[in-house]
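*Asks:* return a 3D structure for these sequence lines:
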Amino acid sequence: MKLSVIIPMYNEEKEAARCAGALVEALDAAIPDAFDDYEIVFSDDGSTDRSAEIVGALAGDPAYRRVRLVGSDVNRGKGAAVRRGVLASDGDVVLYTDCDLAYGTDVIPEAVKKLAESGADGVIGSRAIHPDGYAGYTAIRKAASKIYLRILSRFAGFSLSDSQCGFKAFRGDLCRSLFRDCETDGWSFDFELLMRAEKKGARIVETPVRVIRHGASKIRLLGDSVKMLRDVRRLRRKLSRQA
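*Replies:* Numbering: from 1, shown residues only. Next up is the predicted model:
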């Protein structure tokens with residue numbers, strides 16, 4: 001079994017090399033227990049710093065032979081970057097997480113094993129079901145995040161406890177099929193992905209994760225939440241009209 005790990009990237013020159021090194025070390029150690037082979041696809045979203053240059057140089061090093069770079073000259077949003085990386089992948093399992101590896105690397109083989117053992121179509125991370133999932137958050141940020149997720153998920157019709165967690169894994173063919181239909185370029189892409197998965201009858205299970213590296217969030221909680229609600233409403237109407 002081959003694993004594809006997708007890393008969306010926008011102006012991550014301070015994180016790119018560390019991310020690639022940590023992933024190669026962790027994924028090499030997981031062979032053959034969790035999977036037989038892997039690839040790491042960095043998807044650059046029009047970075048204006050040296051992110052693409054750094055990853056491109058690493059990809060030419062034999063030690064990083066499983067690292068690839070795809071990208072766009074234009075910044076279109078995280079959804080577009082993840083979609084580009086997924087559609088360039090060829091793994092039996094496709095997993096995406098952020099360049100800062102906020103949830104660490106140990107969760108990657110754990111998620112792959114859970115996907116195989118559960119027989120599910122997808123495994124998504126959830127901070128809500130981990131006893132230390134929100135460790136390190138301020139009380140205000142923790143409360144705001146939980147309320148924000150609860151409102152958005154209920155509006156989308158999900159029973160998932162953390163639909164916006166940036167750590168998700170799917171069976172490869174299903175993942176590529178879903179992303180071929182997805183059109184959302186911005187933060188709401190996770191909602192479209194899960195709504196389309198639900199429409200296809202895919203079974204999604206959750207796995208507990210905790211944030212072990214706290215970086216600066218690129219989401220504006222109030223403004224982006226309002227936009228996401230609008231996007232979810234639009235997506236629900238669109239998908240309801242599709243056969």
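
*Asks:* residue contacts, N75?
*Replies:* Y10, D45, G46, S47 (C-beta atoms under 8 Å, 6 or more residues apart in numbering). To be clear about C-beta, it is placed using only N, CA and C from the backbone, and glycine gets the same treatment.

*Asks:* sorry, wrong one. I was asking about C99.
*Replies:* By C-beta under 8 Å, 6+ apart, the neighbours of C99 are I7, P8, M9, E12, E15, A16, C19, F42.

*Asks:* any idea what the third one is bridged to?
*Replies:* Each beta-bridge partner of M9 is listed here: D44, as defined by DSSP bridges.

*Asks:* roughly how far apart are it and A26?
*Replies:* Between M9 and A26 the computed distance is 18 Å (C-beta to C-beta, to the nearest Å).

*Asks:* more crowded one of those two?
*Replies:* More crowded of M9 and A26, by other C-beta atoms under 10 Å: M9, with 27 against 18.

*Asks:* need the pLDDT of the more buried one.
*Replies:* pLDDT, M9: 98.

*Asks:* ok, longest helix in this protein?
*Replies:* In the chain, assigned by DSSP state H, the helix with the most residues is helix 221-241.

*Asks:* who are the packing partners of it?
*Replies:* helix 139-156, helix 189-199 (3 or more C-beta pairs under 8 Å, 6 or more residues apart in numbering; DSSP states H and E).

*Asks:* quick one: name whatever helix or strand follows the helix or strand bottoming out on mean pLDDT in the chain.
*Replies:* Taking mean pLDDT, DSSP states H and E as the measure, the helix or strand of the chain with the lowest value is helix 139-156, at a mean of 58. Toward the C-terminus, helix 139-156 is succeeded by strand 168-171 as the next helix or strand (DSSP states H and E).
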